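Q: the following block contains a protein sequence and its predicted model.
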Amino acid sequence: MELLDRRWPLAQQAGHLPQVRGAGGPESQPLLWILCLVVSLGLCLGVTRQSLWIDEATTAWLASHQDPWRLLGTLADGREILSESLMPLFTGYIWTWSRLFGTGEQALRAANIPFAILLVATLGWTSSRLFSRPLLWLVLCFCPFIWFYMNEARPYVAVMACSAVALAAVLAYFADPNGYSNTAPWLFFSALFVGCGFHLFGGLVIPAVIVIVLAEIRTRKHTWAGICRDWRTPLSVSLPLFLLLGGYFIWIVYRGAGGERGQAGPGNLVFAMYEFGGFQGFGPPRNQLRADPTLHALEPYFSLLAAGTIAWLALFALLFRRVLAKWKEDGAWRLAAALLVTIGLFFAGARAVDFRFWGRHLAACLPLFLFALLEAAGRPPQSKRQRAIEAAAFTLLAVAWLVSDYRLAFLPEYGKDDFRSATSIALDEARRSGGTIVWVADGLAGRYYGLEYQRATWDAPWFVRGKAVLGKNWTRAQVAGWLASGAHGSEIILVLSKPDLNDRHGAWAAAIRSMNARRLGSANAFDLFVLRPSPPGESEVGR
């Protein structure tokens, strides 16, 4: 690592950041872009044909709309979908993408690839040109948070990429105002608009940028007058677009769209940091942790979690010493302060509106987190001993992250909710026995894999493999009434997933206990049972 660092000459100083014009020398640029290409190709390996899960099925449904005007109406209504209304540009993008590549699992997730390339290129350019670290960014690209969301047909990779571009533009401007005053403001507002349009929370970049600007003003190397002069025209041109987008979000929230309701607490914040740190592949799989969110669930994974913790402690010990050594240097703390302020404001807002968040909702903060690590690392150390210590600390983190990436990508227990297998098992049993499938899970995902329901339809050109009854969140009275009606035939194939979401009244759980239930099989996040009802009028489920 240090040999290549020596080949890339350090830039001259412009304040506390290196001079970005010509940093690294022209001979460094081909190597940089070659590395970006290689890393981007590596990220593409994270795109798989795993079963779509709940949120991805909604993405597939929106992408399957044949009429774009009906799609716009679905978004503007905001009641048929919830969080998806907060990502209008992503919906337009994935709809356009599906016209070219289809709505298969791999095709939908491959929509992340252009933004992954943009994210990698931005990390590489910023690390080498602004932080004088031409290779250190490679370690950051192993971050499991990035790899995990590469395999989701959702906007989080795009939000991370736009956040990285916006932050890089601001940092480049303050490093070299004369060189970047004509491009950085336009790039910032463009990236911010696209990021916010892909997801409302792309706007988390704004408080971070405010903190950075205030820190720069504090150094007295930049003035409000100079900043306003350079940024006034791009702001004036882009402001109508932001007002239009803001008006849309206000309307959608007024209509009742939004995310999962629930009191946010410190646990949500801890879990978000758990994801940012790359611990997803060290600890329990998501569904296991969701079913048992206690410390007992962590016990079987203690050794892996300890290894990841040791890697982070070693890195933090190194970075803490460096930050202390240059604490009096202007700006050495600004990105960490921007990260803390942004997350603090988000947490306070989530508490105020009863929004239960997870790491993915803070995706716009990940580039800020990675840039803060780069800034804390500072320039490459001069002594051999310090270089060896740094290489050991970052290598340890890279190895830990690679292990986490491997486990997330290749171990079945870390896979997504397996709607594909659940529908296949149920359909096979229904064809064999002539029984009735009762689907107690997300309806759209079941429809994607071929189920057609008696009382629920979605406008999607998906094939039909069999019929089912959508029994999500039925009350005990509904279950008892349906059983008493005799509409089920001699056998019921019950497909149950995440009872806390889909069987909130415990009606189907009671049916499993009170009837002659036989376990048919299981898939990730699913349990399947065969129920043989009593003759009509004798059901005890409602008692």
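A: In hand now; what should we look at?

Q: show the subsequent helix or strand relative to the one helix or strand residue 41 maps to.
A: When secondary structure is defined by DSSP states H and E, residue 41 falls within helix 28-44. Following helix 28-44 in sequence order, the next helix or strand is helix 54-63 (DSSP H and E).

Q: off-centre distance for that following helix?
A: 15 Å (CA atoms, centre = their mean, to the nearest Å).

Q: now it: mean pLDDT?
A: Across helix 54-63, pLDDT averages out at 94.

Q: and the contacts of it?
A: Identification of contacts with helix 54-63 by CB atoms under 8 Å, 6 or more residues apart in numbering yields 52, 71, 74, 81, 83-84, 91, 94-95, 97-98, 103, 105, 108-109, 152-154, 416-417, 419, 442, 444-445, 447-448, 458, 460. The C-beta positions use only the backbone N, C-alpha and C, and glycine is treated the same way.

Q: repeat for stretch 95-109
A: Applying CB under 8 Å, 6+ apart, the set of residues contacting stretch 95-109 is 47-52, 56, 59-60, 62-65, 68, 71, 94, 110-111, 150-153.

Q: now the end-to-end length of that stretch.
A: Distance between the two ends of stretch 95-109: 13 Å, counting by CA to CA, to the nearest Å.

Q: tell me the average confidence for stretch 487-502?
A: For stretch 487-502, the mean pLDDT works out to 89.

Q: list the buried residues for the helix holding residue 41?
A: Neighbour-count burial for helix 28-44 flags 28, 31, 32, 35, 36, 39, 40, 43 (criterion: 16 or more other CB atoms under 10 Å).

Q: and stretch 432-450, by the same measure?
A: Along stretch 432-450, the positions that meet the burial threshold by neighbour count (16+ other CB under 10 Å) are 435-450.

Q: roughly how far apart are the closest residue to residue 367 other than its chain neighbours and residue 335?
A: Nearest non-adjacent residue to residue 367, counting by CB to CB, 6 or more residues apart in numbering: residue 164, 3.8 Å away. In this structure, residue 164 and residue 335 are separated by 13 Å, where distance is defined by CB to CB, to the nearest Å.

Q: neighbour-wise, which of those two wins?
A: Taking other CB atoms under 10 Å, residue 164 and residue 335 do not tie; residue 164 has more neighbours (28 against 24).

Q: distance check, that one against residue 371.
A: Taking CB to CB, one finds residue 164 at 8 Å from residue 371.

Q: over to residue 451?
A: For residue 451, the distance to residue 371 - CB to CB - is 45 Å.

Q: cool, residue 433 as well?
A: Distance check for residue 433 against residue 371: by CB to CB, it reads 58 Å.

Q: again with residue 345
A: When residue 345 is compared with residue 371 (using CB to CB), they lie 18 Å apart.

Q: who has more neighbours, these two?
A: Between residue 345 and residue 371, residue 371 has the larger neighbour count (other CB under 10 Å), namely 28 against 14.

Q: leaving out sequence neighbours, find the closest residue to the more buried one.
A: residue 335 (5.4 Å).

Q: cool, and residue 412?
A: The shortest distance from residue 412 to any residue other than its chain neighbours is 7.1 Å, reached at residue 524 (CB to CB, 6+ apart).

Q: and the pLDDT for that neighbour?
A: The score at residue 524 is 93. That number is its pLDDT.

Q: before we move on, what about residue 447?
A: The predicted structure scores residue 447 at 94 on the pLDDT scale.

Q: again, but for residue 97
A: According to the model, residue 97 carries a pLDDT of 97.

Q: and if you look at residue 470?
A: In this model, residue 470 is scored at 94, pLDDT.

Q: equivalent analysis for residue 543, please.
A: Residue 543 is assigned a predicted lDDT (pLDDT) of 47.

Q: residue 467 now?
A: With respect to pLDDT, residue 467 scores 93.

Q: that one belongs to a strand?
A: Yes. When the secondary structure is assigned by DSSP: H, G, I helix; E, B strand; the rest coil, residue 467 falls within a strand.

Q: where in the stretch 201-350 of the chain is pLDDT low?
A: When residues are selected by pLDDT under 70, those of the stretch 201-350 of the chain lie in 257-261, 327-332.

Q: and the strands in the protein?
A: Assigned by DSSP state E, the chain shows strands spanning 13-14, 17-18, 436-440, 451-453, 466-470, 492-497, 518-523, 526-531.

Q: now those as JSON lines including distance to residue 406?
A: Formatted as JSON lines, these follow (distance: least, CB to CB, whole Å):
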{"stretch": "strand 13-14", "distance to residue 406": "41"}
{"stretch": "strand 17-18", "distance to residue 406": "35"}
{"stretch": "strand 436-440", "distance to residue 406": "34"}
{"stretch": "strand 451-453", "distance to residue 406": "34"}
{"stretch": "strand 466-470", "distance to residue 406": "36"}
{"stretch": "strand 492-497", "distance to residue 406": "27"}
{"stretch": "strand 518-523", "distance to residue 406": "22"}
{"stretch": "strand 526-531", "distance to residue 406": "25"}
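
Q: list phi and psi for residue 416.
A: In this entry, residue 416 is assigned phi and psi values of phi -80, psi 170 (degrees, to the nearest 10).

Q: quick one, what contacts it?
A: Applying CB under 8 Å, 6+ apart, the residues near residue 416 are 50, 51, 52, 53, 56, 524.
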